[in-house]
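**Student:** What shape does this take:
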Amino acid sequence: MIWTWDVIRRIIEVLWLINIGFAIWTVFRSRRDIASTWAWLLVLSVFPIFGFIIYLFLGRQLSHDEIFAIQSSQAKVRDDFLTKQHALLKKHDLLPSWERRPRARMLSELNLTNDDALLTFNNSVEIFIDGPKLFDNLIANIKQAKTMIDVEFYTFYDDHLGNRVLKALEDAASRGVKVRVIYDASGSHGTKPSFFAKLRELGGEAQPFISTSKKYWFTPPRLNYHLHRKLVIIDHEIGYIGGFNIGDQYVDQSAKFGHWRDTHFRVEGQAPQMMEIRFAMDWNTSCRKSRLPEYNIDWAKDFALQKATNESNVAMQIVSSGPDSQDFAIRRSYEGIIAGAREYVYIQTPYLIPEPSVLEALIIAAKSGVDVRIMVPCMADHVFVYRATEYYAKYLTQNGVKVYKYDNGFIHAKTMVSGSNISSVGSANQDYRSYSLNFEVNAFSYSPVLAAKLKKIFEDDLKDATLMTNEYFDSQSKWRKFKQYFSRLLSPIL
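**Tutor:** So this is what the prediction gives:
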């Protein structure tokens, strides 16, 4: 054969058509939303071969067997609780009088129905926005633990802070405390299984979450499905939940991002037992063992008597979402808060890539006179993600939403507060990944005192933030605007 340019061109055309055919077959054989389908078709079509390598690690969905395993684990833990609270809800109005407002009642019932999220009471909550204070407090609680410690993090790095936390866990295991750790292997890049060797020798347990571990030696891990939850439960009574991970960048202001501004809860009361149930589901799923948590709620009592007795106590639901469920519990709760807002809704998120339903809810609220404010970072930790964030910030700004960039370091908080008593703090960002791809967990709370504190924190952060105006975006270069538009096309898979 004579290799003329005409022959080479025809070969390239045939290979391109074959690539397109494989792209269509690959994407459409799995059930996805339309936006994700087109985004993956774009990647596979524009980047032949390389695009399929990306898809191999990032695009494959969890198999039906794996999803069934997750749902089976959930059923083992939840059934006993659900029937009892559903019955109690029919008998009692469980929210205290100062929290018994239509929006709170609607949201609590939505979370119970959509995610089987039990409503807990008499929770005392401490808010941490400073990494060193949070981890000093956490390590102190670990050192005081008597019976059990469950730890679940997206990132558990083998660095100075990681070793501080691990040493506290090892000491706890050495004195007979039951210690279990789940981490995301991808999010904890560089942390080897041997990092936890001594903990295991002392009787503790540690393992990567199923989504980023290999089932067989020849199958790559599904890097698109991250365990993004951040939970610690101590002695069934103390729980930590929020946005901080375990790593030096979260406490060291001299690190790459400077001051790390995040939000985390320390909860004492009934809610930690719901966090423990969440941990048990993830543990059962990862190691395929049925280990039900021990819990101390006395269901034999009339649950109405468990109501908070003063305004400093918090009614709270622990809500989870992930690719094992099509109920999108956290996203729908976000939508419920935004759609029901009458005065204001304040949001902090490191990534602002909302899917259409959330985007429209934000715009409708703003155009209806609600004070909608969103705070995002001033710098990128993922370039494409940040350019997409800028695109949506510009679009929301054009439609009446006030978007601020936090200038004092990197804001990583995932918070939402609205009205007199509704708030959410957890691991879920305002992006496609948190809505449907990552395994997330948030604390939705109904408390005027807690809502007021979170509102005040947001307003204090405004002192270190700049409003992103139409003029700000108009002054950007054409190249930067192009990157924003291009990144927006990849939004569903970023």
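**Student:** which stretches of the stretch 301-450 of the chain form helices?
**Tutor:** 329-340, 356-367, 383-398, 432, 448-461 (DSSP state H, counting those that start in this stretch).
**Student:** elements contacting the longest one?
**Tutor:** Think helix 383-398. Counting contacts by 3 or more CB pairs under 8 Å, 6 or more residues apart in numbering; DSSP states H and E, helix 383-398 is packed against strand 352-353, helix 356-367, strand 371-377, strand 402-406, helix 470-474, helix 478-489. In short, each C-beta sits where N, CA and C put it, glycine included.
**Student:** So for Tyr250, which of the ones you listed sits nearest?
**Tutor:** Minimum separation from Tyr250 across the helices and strands packed on helix 383-398 (CB to CB) falls at strand 371-377, 14.3 Å.
**Student:** For the closest one, list the C-alpha coordinates in CSV.
**Tutor:** Written as CSV, here are the backbone C-alpha positions of strand 371-377 (Å, rounded to 0.1, in the frame of the first residue of the first chain):
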residue,chain,number,x,y,z
ASP,A,371,-31.2,38.2,49.8
VAL,A,372,-29.2,35.4,48.2
ARG,A,373,-25.5,35.5,48.9
ILE,A,374,-22.8,33.0,47.9
MET,A,375,-19.2,33.0,49.0
VAL,A,376,-16.5,31.1,46.9
PRO,A,377,-12.7,31.1,47.1
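**Student:** Strand partners (parallel or antiparallel) of that strand?
**Tutor:** As defined by DSSP bridges, the strand partners of strand 371-377 come to strand 344-348 (parallel), strand 402-406 (parallel).
**Student:** which SSE is Ser254 in?
**Tutor:** In this structure, Ser254 sits in neither a helix nor a strand according to DSSP states H and E.
**Student:** which ones are touching the nearest residue to Ser320 once chain neighbours are set aside?
**Tutor:** Nearest residue to Ser320, sequence neighbours excluded (CB to CB, 6 or more residues apart in numbering): Val441, at 4.8 Å. By CB atoms under 8 Å, 6 or more residues apart in numbering, the residues touching Val441 are Arg229, Lys230, Leu231, Ile241, Met275, Arg278, Ile318, Val319, Ser320, Gly426, Ser427, Ala428.
**Student:** any low-confidence regions in the stretch 301-450 of the chain?
**Tutor:** Across the stretch 301-450 of the chain, residues meeting the criterion (pLDDT under 70) sit at 301-312.
**Student:** correction: the stretch 1-150 of the chain
**Tutor:** Applying pLDDT under 70 to the stretch 1-150 of the chain flags the ranges 1-82, 84-100.
**Student:** The residue nearest to Ser320 and Tyr472, how far apart?
**Tutor:** Distance from Val441 to Tyr472, counting by CB to CB, to the nearest Å: 35 Å.
**Student:** can you count the residues close to Pro377?
**Tutor:** Pro377 has 22 neighbours, counted by other CB atoms under 10 Å.
**Student:** Then the one 3 residues further on?
**Tutor:** Other residues lying near Ala380 total 15 when counted by other CB under 10 Å.
**Student:** from memory Phe458 sits against Val417, does it?
**Tutor:** Yes. Contact criterion CB atoms under 8 Å: Phe458 and Val417 qualify, at 6.7 Å.
**Student:** Of those two, give the one with the bigger neighbour count.
**Tutor:** Each of Phe458 and Val417 has its neighbours counted (other CB under 10 Å); Val417 has more, 25 against 22.
**Student:** List the beta-bridge partners for the more buried one.
**Tutor:** Bridge pairing for Val417 - DSSP bridges - gives Tyr346, Ser423.
**Student:** show me what contacts it?
**Tutor:** If you count contacts by CB under 8 Å, 6+ apart, Val417 has them with Val345, Tyr346, Ser423, Ser424, Ala451, Leu454, Lys455, Phe458.
**Student:** Please report the distance of it from Leu450.
**Tutor:** Distance, Val417 to Leu450, by CB to CB: 9 Å.
**Student:** Now do the shared contacts for the two.
**Tutor:** Contact criterion CB under 8 Å, 6+ apart; residues shared by Val417 and Leu450: Ser423.
**Student:** Tell me which of the helices and strands packed on helix 383-398 sits nearest to Ile127.
**Tutor:** Judging those by CB to CB, what sits closest to Ile127 is strand 371-377, at 16.1 Å.
**Student:** Just name the closest of the contacts of Val417 to Asp407, please.
**Tutor:** Phe458 (14.9 Å).
**Student:** contacting residues for the closest residue in space to the closest one that isn't next to it in sequence?
**Tutor:** Once flanking residues are discounted, Phe458 sits nearest to Tyr346: 4.5 Å by CB to CB, 6+ apart. Neighbouring residues of Tyr346 by CB under 8 Å, 6+ apart: Arg373, Ile374, Met375, Thr415, Met416, Val417, Ser418, Leu454, Lys455, Phe458.
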